[in-house]
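Undergrad: this one's structure only:
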């Protein structure tokens, strides 16, 4: 009988599901945060969205843009992590090693968001980005070694 | 014999493939729509792209930017849906419940695009966004309940 | 015994893993390239990132923006390719046909990046984009034929 990796019986996959879903949820929260900030600052991207201003003129706002850059940075990092993660499962990595990859990635991105939005002085955010980036590259390297 | 979820014999996965692929295709269509609008308005992002203007000056255009915001909003919502969807399959959800999640998501995003591009007055687009968002969060909640 | 598609024993999946991971890695490289350009041009997106300028004023730079547009274009194309690719595996495509889809996609995106950053005169970049786009649409069409 062949071994199945993509089932909840596989601890690696189960842990991956938890941290992948948690990371995606963290990324998705940026959408309502952006909306809230747009209403607070009355700074909208589309004329039809503006409730308070009769002239319906859109304008950028530095705090809205900060959240949007954070969201885009999440897309640039969390989406690759989850995609690479699905590939990583098929390589049947050591369960403990894999779990620490997932954990460190998730918490580095959580810290990255706080470092971006408070903001905490640099190089906090840069280091948080770097940790998450290195985790994903490490998973990538392990896949390439096994596949090639 | 273990049950296989990621096969076409599994109705949930088969339905997921259809709606996931349809949603991604909808998202990808924004690329040629952007190009067409750039040529119509002669508004390009790179100097080397400009065919008509001798001075090769790039400039933004509100209609091009509207399609680009729509595209980015698709990335922010459709990509998480598909990633969460792959995780959801492993939790073996009720087939009818899952199908309605996929269906409602796809049609909410289709309507969102029309609401954005026509544009239909608010809160049409906001509601379309919200419906798709809630569907993805519902799938996320079901995964977390089963995994944790 | 049911056939398993998502294992390294399946040549299609093995080849997919290689090219999917290579494409994602190519996309991820845009992040450090952006950072390097921001430091070279002293053009940062956040006031707290600026090391050299006492006034802490952010400003855009055309070369930074070029890399960022390249990165976003990768997200718009490589992420759909990988997502569609995972779906494609379940349809058990012909191994040679699938391999050429993956290969052509990866090299079209690699060439796209060089065409964007050197830059090579148009329509080089437009053609590179088009080739990758057509490959993904071809995979999509094969999935829809099999699923529907």
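TA: Cool, got the structure. Everything quoted here is computed from the prediction, not taken from an experiment.
Undergrad: please count neighbours and contacts with C-alpha atoms only from this point.
TA: OK.
Undergrad: contact partners of the helix or strand of chain A with the lowest mean pLDDT?
TA: Ranking every helix and strand in chain A by mean pLDDT, DSSP states H and E puts helix A:30-41 at the bottom, with a mean of 92. Under the criterion C-alpha atoms under 8 Å, 6 or more residues apart in numbering or on different chains, residues A:44, A:61, A:63-64, A:67-68, A:70-71 lie in contact with helix A:30-41.
Undergrad: for the helix or strand that that helix is followed by, the distance to its chain's centre please.
TA: Next along the chain after helix A:30-41, taking DSSP states H and E as the criterion, comes helix A:62-90. Taking C-alpha atoms, centre = their mean, to the nearest Å, one finds helix A:62-90 lying 4 Å from the centre of the chain it belongs to.
Undergrad: just want the angle from the least confident helix or strand of chain A to helix B:62-89.
TA: Here helix A:30-41 points in a direction 140 degrees away from that of helix B:62-89 (axes from the mean of the first three to the mean of the last three C-alpha atoms, to 10 degrees).
Undergrad: for helix A:30-41, buried residues please.
TA: Neighbour counts using 16 or more other C-alpha atoms under 10 Å in any protein chain shown place A:30-31, A:34-35, A:37-38 of helix A:30-41 among the buried residues.
Undergrad: reformat the residues you listed as TSV; add distance to residue C:114.
TA: Shown next, in TSV, are the buried residues of helix A:30-41 (distance: C-alpha to C-alpha, whole Å):
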residue	distance to residue C:114
A:30	32
A:31	33
A:34	34
A:35	37
A:37	38
A:38	37
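Undergrad: what residues does chain A have near chain C?
TA: A:66, A:76-77, A:79-80, A:83-84, A:87, A:90-91, A:121-122, A:137, A:140, A:143-144, A:147-148 (C-alpha under 8 Å from any C-alpha of the partner chain).
Undergrad: which among those residues end up buried?
TA: A:66, A:76-77, A:79-80, A:83-84, A:87, A:90-91, A:137, A:140, A:143-144.
Undergrad: ok, and which of the residues of chain A next to chain C reach chain B?
TA: Among the residues of chain A next to chain C, proximity to chain B is found for A:79, A:83 (C-alpha under 8 Å from any C-alpha).
Undergrad: which member of the buried residues of helix A:30-41 is positioned nearest residue A:50?
TA: residue A:38 (9.4 Å; C-alpha to C-alpha).
Undergrad: distance-wise, check the closest one relative to residue B:8.
TA: According to C-alpha to C-alpha, to the nearest Å, residue A:38 and residue B:8 sit 44 Å apart.
Undergrad: could you do residue A:31 as well?
TA: For residue A:31, the distance to residue B:8 equals 34 Å [C-alpha to C-alpha].
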